[in-house]
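Visitor: model this:
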Amino acid sequence: MRRIVLPNSLTVIVERRPSSSVAVEVSVGVGSSNESGREAGLSHFLEHMLFNGSAKRPSALSISNEIERLGGELNGGTSSEQTCFYAKVPSRFLDTALDVLSDMVLRPLFRPEDVEKERKVILNEIQLYTDDPKLHVWVLVQKHLFVKHPAGNPVYGRKETIAKFSREDIAGFHRRHYVPGSMAVTIVGDVDVDRAVLLASRYFAGMPDASAPRLKLPKEVRQHERRVFREKRRILQSYLVAACKTPPRGHPDSYALDVAHAILGRRSSGRMFDEIRNKRGLAYEVSVLHEAQRDVGIFAVSVIADKNNLGRTERIIHDEFRNLSLVTNPDVSEAKTFLEGDFLLECEDTLKRAELVGFFNHAAGARDVLAYLKRIRLVSAGDVRRVARKYLNGIYTLVIVEQRGG
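Guide: All right, here's what the predicted structure looks like:
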């Protein structure tokens, strides 16, 4: 891996890996956590706008077709901390991927008619999240788990702010935040590293040196008791999430929590799935999440079940959190084997690897991705027992979207 910072402060990361493809990700360090109240949803709105036309490619079709005609993939995404755009193409088309991404990200047209079109699309997207309890429950989890930090805000914003954004609002946000000091270009695949760096420098060299403004984010408050939030709906199943606040990726405890996640949630052989579904048949879908970002972390168990099974299900979740304080060396060894295998298999995909490198560059440091497995191997059973007692101790936020009747 090579990581360099260009004279204009843009970060370029290149990792050569054997593959027939190359993935390019342009990441910008702005998301919903960096927005003021009146800007809620502006990062996500801007992401949509950049696919609608650029200086060299004036339509959405001309942008997407440039990559898709090669058999490639072009997309983007917004989170609470980052906005990302990526292309995956056959290795020989690296030049094209960089050309398209730099053009759409740096030179968007922002036509008023496109603003109105995307406003409708995003309002429909918000309604989709609201209508789908599987998505809506996570919006509620964010809101109720993070009561001070803006990680509690939905990435898509609010209907009232989306309805008011003007072309000038969007263009101004782009000027302030899409600057070299806040951006990284990550390239992963079977490419010559020197040539990849040279191409990235060429396509992004025209950006003047600048850093983005940063909001002063409030510190998240510590939770001292179990909290429950319940919403009833006319649905056929109930959706339960038990979520705990955990440290960000830069904290060493995040790696022990990864191992705890592997013990509880490694697909159908994890303890949660085994206890809730395999042994008792209380639910069809059971999943465990550990997400450590730059500023905050979350550890959560999600279950879709009949409302009559929710009480028993929560008791099992509580018990399995508590049982982590009794894990043995063989338990931890098996979890680490899973994490290593899962990590290596996922990184065979150049796009997933590029996304991972870009994430680590933002959350902790790009080279931390190279040290990830080493840090996992250093986790002991004592570390898992300690973080379980500290973070997974029964003090969690329980959110339920519950079916009426039954």
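
Visitor: Setting aside sequence neighbours, what's the nearest residue to the residue nearest to the spatial centre of the chain?
Guide: Nearest to the geometric centre of the chain sits Ser79, at 5.6 Å (CA atoms, centre = their mean). Of all residues not flanking Ser79 in the chain, Gly31 sits nearest, at 5.0 Å (CB to CB, 6 or more residues apart in numbering). Placement of C-beta: from N, CA and C, glycine included.

Visitor: Then Arg107?
Guide: Arg107 sits nearest to Ala55 (CB to CB, 6+ apart), 3.9 Å away.

Visitor: circling back: tell me the pLDDT at the residue nearest to the centre of the chain?
Guide: On pLDDT, Ser79 comes in at 96.

Visitor: For Lys159, see how far away Asp169 is.
Guide: For Asp169, the distance to Lys159 (CB to CB, to the nearest Å) stands at 16 Å.

Visitor: The helix or strand where Phe343 lies: what's the following helix or strand?
Guide: Element membership for Phe343 (DSSP states H and E) is helix 329-346. Downstream of helix 329-346, the first helix or strand assigned by DSSP H and E is helix 350-363.

Visitor: residues in contact with the helix or strand where Val105 lies?
Guide: Taking DSSP H and E as the definition, Val105 sits inside helix 94-106. The contact list for helix 94-106 (CB atoms under 8 Å, 6 or more residues apart in numbering) reads 22, 24, 26, 28, 50-51, 54-57, 63, 66-67, 70, 72, 74, 85-89, 178, 185, 187, 189, 191, 196, 199-200, 203-204, 206-207.

Visitor: for the record, mean pLDDT for that helix?
Guide: Rounded mean pLDDT across helix 94-106 is 97.

Visitor: and that helix, which residues are buried?
Guide: 94, 96-106 (16 or more other CB atoms under 10 Å).

Visitor: can you check stretch 279-289 too?
Guide: 282-283, 286, 288.

Visitor: Then Val185 would be within a strand, right?
Guide: Yes: counting by DSSP: H, G, I helix; E, B strand; the rest coil, Val185 is located in a strand.

Visitor: Against Glu225, how distant is it?
Guide: From Val185 to Glu225 the distance is 45 Å (CB to CB).

Visitor: more neighbours, the two?
Guide: When Val185 and Glu225 are compared on other CB atoms under 10 Å, the one with more neighbours turns out to be Val185, at 28 against 7.

Visitor: thought that one was touching Asn8?
Guide: No: using CB atoms under 8 Å, Val185 makes no contact with Asn8, being 11.9 Å away.

Visitor: any common contacting residues for these two?
Guide: With CB under 8 Å, 6+ apart, Val185 and Asn8 have common neighbours Phe204.

Visitor: the helices in the stretch 201-350 of the chain, which residues?
Guide: 253-265, 271-273, 310-323, 329-346, 350-363 (DSSP state H, counting those that start in this stretch).

Visitor: got the buried residues for the third one?
Guide: Put plainly, it is helix 310-323. Those would be 310, 313-314, 316-318, 320-321, for helix 310-323 by 16+ other CB under 10 Å.

Visitor: got it, and the longest one?
Guide: Within helix 329-346, the residues that qualify as buried by neighbour count (16+ other CB under 10 Å) are 331-332, 334-336, 338-339.

Visitor: can I get those residues in CSV with pLDDT?
Guide: Below are these laid out as CSV (pLDDT from 0 to 100):
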residue, pLDDT
Asp331, 98
Val332, 98
Glu334, 97
Ala335, 98
Lys336, 98
Phe338, 98
Leu339, 98
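
Visitor: Looking at those, which is nearest Glu125?
Guide: Nearest to Glu125 among the buried residues of helix 329-346, counting by CB to CB, is Leu339 at 33.2 Å.

Visitor: That closest one against Asp258, yeah?
Guide: Yes: between Leu339 and Asp258 a contact is recorded at 6.2 Å, counting by CB under 8 Å.

Visitor: could I get the buried residues of helix 310-323 as JSON lines with pLDDT?
Guide: Formatted as JSON lines, these follow (pLDDT from 0 to 100):
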{"residue": "Leu310", "pLDDT": "97"}
{"residue": "Thr313", "pLDDT": "98"}
{"residue": "Glu314", "pLDDT": "97"}
{"residue": "Ile316", "pLDDT": "98"}
{"residue": "Ile317", "pLDDT": "98"}
{"residue": "His318", "pLDDT": "97"}
{"residue": "Glu320", "pLDDT": "98"}
{"residue": "Phe321", "pLDDT": "97"}
